[in-house]
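Participant: Generate coordinates for the sequence data below:
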Amino acid sequence: MRALTRALAVLLPVAMLWGCSSTPTTTDADVEAATDTGVVSTGTGFDTGTVDTGTVDSGVELRGVEGTDEFAGDPLQDPTSLLSKRVIYFDFDKSDIKFEARGIIEAHARYLSEHPSVRIVVEGHCDERGTREYNLGLGERRAKAVQQVMSLLGVSSSQLELVSYGEERPAVMGHDDSAWSKNRRVEFIY
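Facilitator: So this is what the prediction gives:
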């Protein structure tokens, strides 16, 4: 009973924050504009048609999301799909998921929900600042934050394995902000 209470205490605020985001409303003018550019919106936050511009205001690429006829192969291999993006970046000393990463997480969660036999490793990474022990813990918190969101979106916990590498596996070698920003990440390994 205590474990259930703790789990609810963690998941309920995440669910509330996730649900607080505003959803755009669609008008007739939006539908006409979308038809002209080749975008067909489903109202779920994902476009099912093609996108000529390739990005939206948030900077997240929407081209080729599952359901388009452009790419006939495995959606994980489609370079224009959100599923091809397998890295989420974090701010310094934070494990909060940025708004820009939401679409990527949702796309992977939807894919995993539709393919229950697929399993992934969620790897948490940090930059070189901080002690080894602290960075291992921070990497784990980052991986768990992604896991919690994916669980809320319907992904089975048996499909996710969490690993924290802390600062041990940098994506970019260097001792400056540009290198550090690329090392503060979570990676999806299929």
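Participant: only C-alpha atoms for contact and neighbour calcs from this point on.
Facilitator: Noted.
Participant: Verify the stated contact: residue 143 with residue 120.
Facilitator: No: counting by C-alpha atoms under 8 Å, residue 143 does not reach residue 120; the two are 11.9 Å apart.
Participant: ok, residue 106 to residue 76 distance?
Facilitator: For residue 106, the distance to residue 76 (C-alpha to C-alpha, to the nearest Å) stands at 14 Å.
Participant: just checking, what's the longest helix in the chain?
Facilitator: The helix that spans the most residues within the chain, counting by DSSP state H, is helix 132-152.
Participant: Now the element after that one, going C-ward?
Facilitator: strand 160-166 (DSSP states H and E).
Participant: Show me what that following strand is packed against.
Facilitator: Under the contact definition 3 or more C-alpha pairs under 8 Å, 6 or more residues apart in numbering; DSSP states H and E, strand 160-166 sits against strand 120-125, helix 132-152.
Participant: can you do 10 Å?
Facilitator: When contacts are defined as 3 or more C-alpha pairs under 10 Å, 6 or more residues apart in numbering; DSSP states H and E, strand 160-166 packs onto strand 120-125, helix 132-152, strand 185-189.
Participant: Could you list the low-confidence segments of the protein?
Facilitator: 1-71 (pLDDT under 70).
Participant: Comparing residue 143 and residue 120, which residue is more hemmed in?
Facilitator: residue 143 (25 against 16; other C-alpha atoms under 10 Å).
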